[in-house]
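Trainee: structure here, sequence nowhere to be found:
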Ligand code: UDP
């Protein structure tokens with residue numbers, strides 16, 4: 001199946017904007033919807049001259065209407081960095097719950113396939129390692145991260161209810177830590193933090209003792225996995241991420257090397273409920289989608305650096 005007319009919510013965000021490009025390149029017409037709370041016009045303005053690209057500034061937690069047919073809806077609208085969802089707890093809960101409901105309702109009305117951007121956060125602070133899709137997770141519902149984790153867990157349940165009860169064709173991708181061009185310089189996630197600090201010659205802020213682990217996937221690999229998932233027949237959740245796991249201290253060192261920086265490490269308190277370990281089990285993605293990541297951390301960091309370097313410079317000059 002190829003999608004000729006696609007709606008991408010959160011299309012002006014980091015992942016959403018890369019997806020807009022991917023679908024345009026595949027010959028689809030793309031409607032990008034975003035309220036620009038955490039997304040940015042800068043991420044999509046290069047697409048404005050493309051007649052197959054349309055942008056609508058809209059809040060998907062309100063009633064959404066799209067004229068004409070839709071073949072697929074990719075629901076990517078949400079604050080996605082811990083500091084964003086700590087600052088926007090109600091919006092985060094609303095977009096995961098009400099926004100998912102609205103987007104599913106639209107998918108049902110249009111007979112469109114629906115893909116939900118879910119997250120490794122549904123596994124919380126995991127007690128199973130690496131995390132397979134069959135793991136139900138270890139989430140604190142009333143902790144500060146609960147607003148994101150529970151919103152996404154609710155979104156998965158709602159997606160499945162629309163599939164079972166209304167017969168909507170649905171897909172769920174569980175996205176692990178992803179990095180690349182168009183992350184916001186100040187979005188608080190570890191890559192923009194370390195890279196902008198290393199480029200500015202400032203200390204790298206490592207939270208806790210830096211022994212917590214993450215596994216980082218370059219955005220192009222992620223987008224390819226999502227594209228394949230949408231076009232597959234798989235209804236169950238699928239992890240997409242890079243299984244190369246490392247400690248945050250090792251990641252700090254990798255960023256320092258990539259930048260050629262000698263910035264010292266500045267240890268800061270560990271945020272509440274910060275998961276201690278995280279690594280995707282991608283057995284299902286390999287088997288079902290024939291997908292696995294191709295871009296090495298070293299290459300991905302260089303490609304991300306090309307994006308960040310001029311932006312950090314212009315911030316310093318400002
Ligand atoms: N982190 C850090 N320094 C920073 C930002 C984040 O040490 O300036 C740590 C954070 O505590 C977590 C990991 O890096 O253990 C990844 O954080 P991020 O916010 O990127 O994503 P998460 O995986 O926690 O959602």
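Mentor: Received the coordinates, thanks. These numbers were taken from a predicted model, which means no experiment stands behind them. Residues are numbered from 1 along each chain as shown.
Trainee: which residues of the stretch 1-150 of the chain lie near the ligand?
Mentor: Residues of the stretch 1-150 of the chain found near the ligand (Cβ under 6 Å from any ligand atom) are 81, 82. (Each C-beta comes from the backbone N, C-alpha and C, glycine too.)
Trainee: number of residues surrounding the residue of the stretch 1-150 of the chain found nearest the ligand?
Mentor: Going by Cβ to the nearest ligand atom, the ligand is nearest to residue 82 of the stretch 1-150 of the chain, at 4.6 Å. For residue 82, the count of nearby residues is 21 (other Cβ atoms under 10 Å).
Trainee: shaky segments in the stretch 1-150 of the chain?
Mentor: Confidence mapping of the stretch 1-150 of the chain against pLDDT under 70 gives the ranges 1-3.
Trainee: that one: strands as residue ranges?
Mentor: Taking DSSP state E, counting those that start in this stretch as the test, the strands found in the stretch 1-150 of the chain are 5-9, 29-34, 53-57, 72-75, 113-119.
Trainee: run a quick neighbour tally on residue 150.
Mentor: Neighbour number of residue 150 under other Cβ under 10 Å is 22.
Trainee: what sits against it?
Mentor: Shown in contact with residue 150 (Cβ atoms under 8 Å, 6 or more residues apart in numbering): 93, 96, 139, 141.
Trainee: for the last one, give its distance to residue 124.
Mentor: By that I understand residue 141. 10 Å (Cβ to Cβ, to the nearest Å).
Trainee: swap in residue 237?
Mentor: Counting by Cβ to Cβ, the gap from residue 237 to residue 124 is 15 Å.
Trainee: same deal with residue 40?
Mentor: 29 Å.
Trainee: look at the two and report which has more neighbours.
Mentor: Between residue 40 and residue 124, residue 124 has the larger neighbour count (other Cβ under 10 Å), namely 24 against 15.
Trainee: hmm, residue 149 and that one touching each other?
Mentor: Yes: taking contacts as Cβ atoms under 8 Å, residue 124 lies within contact range of residue 149: 6.0 Å.
Trainee: so what sits against both of these two?
Mentor: 137, 139, 140.
Trainee: quick check: the closest residue to residue 86 other than its chain neighbours vs residue 137, distance?
Mentor: Of all residues not flanking residue 86 in the chain, residue 144 sits nearest, at 5.5 Å (Cβ to Cβ, 6 or more residues apart in numbering). Counting by Cβ to Cβ, the gap from residue 144 to residue 137 is 17 Å.
Trainee: and what of residue 38?
Mentor: Distance from residue 38 to residue 137, by Cβ to Cβ: 24 Å.
Trainee: show me the contacts for the closest residue to residue 41 other than its chain neighbours.
Mentor: Leaving aside its chain neighbours, residue 41 sits nearest to residue 12 (6.4 Å; criterion: Cβ to Cβ, 6+ apart). Going by Cβ under 8 Å, 6+ apart, residue 12 touches 32, 34, 36, 39, 40, 41, 43, 44, 55.
Trainee: need the contact list for the fourth one.
Mentor: Spelled out, it's residue 39. 10, 11, 12, 13, 16, 17.
Trainee: could you count how many residues lie near residue 276?
Mentor: 14.
Trainee: scratch that, residue 52 is what I was asking about
Mentor: Residue 52 has 14 nearby residues by other Cβ under 10 Å.
Trainee: the strand or helix carrying residue 154: which residues count as buried?
Mentor: Of the helices and strands defined by DSSP states H and E, residue 154 is found in helix 146-166. For helix 146-166, a neighbour-count test (16 or more other Cβ atoms under 10 Å) marks 146-153, 155-156, 158-160, 162-163 as buried.
Trainee: and the residue of the stretch 201-318 of the chain closest to the ligand?
Mentor: Nearest residue of the stretch 201-318 of the chain to the ligand: residue 207, at 3.5 Å (Cβ to the nearest ligand atom).
Trainee: enumerate the residues of the stretch 151-300 of the chain near the ligand.
Mentor: 177, 189-190, 193, 205-207, 212, 214, 248, 270-271, 274.
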